[in-house]
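Peer 1: Quick one: sequence and predicted model below, then my questions.
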Amino acid sequence: MSMSGYGSSGSGPLNVFDIAGRAMSAQLVRLNATASNMANAGNVTGSAAEAYRAIKPVFQSVTDSPGVSTVKVQNVVTTNAQPTKRHDPNHPLADKNGDVWEAAVDSSAELVDMIETARMYQNNVQVLNTAKSLMLETIRIGK
């Protein structure tokens, strides 16, 4: 999908379907990042360098004209969160000191992010449903 400020066909300005659709796509990237983070929460490795660190998407506004804007995912970055060192000499991945490092993922924050993402996605679904209803009503009145 082109992010040049024009509709998905590239032939005209953004419309409500382009705006909401792009926002929904961005929220799906955010949800995928949250799913990856949650899948890795609690995982341990034998060194801090190998430990998983949470990822987050970076959103960027895309403005077509004043008052007409949507969002795109600029990139996905690894957070600066540090893995937690834990002494567990019986763990098969423990280093020579008997330490393992747990993934740098805050499960509570990820759950909050997941709920917020679902709400944002649902808001955009509602925008699309409202636009569809208004278009159908306009067609009905025009008959």
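Peer 2: Sure, I can see it. Numbers count the residues shown, from 1 in each chain.
Peer 1: so what's the most centrally placed residue in the chain up against?
Peer 2: Of all residues in the chain, the one closest to the mean position by C-alpha atoms, centre = their mean is residue 30, 0.7 Å from it. By C-beta atoms under 8 Å, 6 or more residues apart in numbering, the residues touching residue 30 are 56-57, 73, 113, 117. All C-beta spots, glycine's among them, are computed from the backbone N, C-alpha and C.
Peer 1: ok, then the element right after the helix or strand containing it?
Peer 2: Residue 30 belongs to helix 16-40 when assigned by DSSP states H and E. Moving toward the C-terminus from helix 16-40, the next helix or strand (DSSP H and E) is strand 44-45.
Peer 1: Does anything pack onto that next one? Which helices or strands?
Peer 2: When contacts are defined as 3 or more C-beta pairs under 8 Å, 6 or more residues apart in numbering; DSSP states H and E, strand 44-45 sits against strand 99-102.
Peer 1: Mind listing the strands the strand it packs on pairs with, and their directions?
Peer 2: strand 44-45 (antiparallel), strand 84-87 (antiparallel) (DSSP bridges).
Peer 1: hey, which of the ones you listed is tucked in deepest?
Peer 2: Highest mean neighbour count of the strands paired with strand 99-102: strand 44-45, a mean of 18 (counted as mean count of other C-beta atoms under 10 Å).
Peer 1: Check the gap between residue 58 and residue 77 for me.
Peer 2: Separation of residue 58 from residue 77 (C-beta to C-beta, to the nearest Å): 6 Å.
Peer 1: Between these two, point out the one with more neighbours.
Peer 2: residue 77 (13 against 10; other C-beta atoms under 10 Å).
Peer 1: Check which helices and strands the helix or strand hosting that one sits against.
Peer 2: Element membership for residue 77 (DSSP H and E) is strand 68-78. Contacts defined by 3+ C-beta pairs under 8 Å, 6+ apart place strand 68-78 against helix 16-40, strand 55-65.
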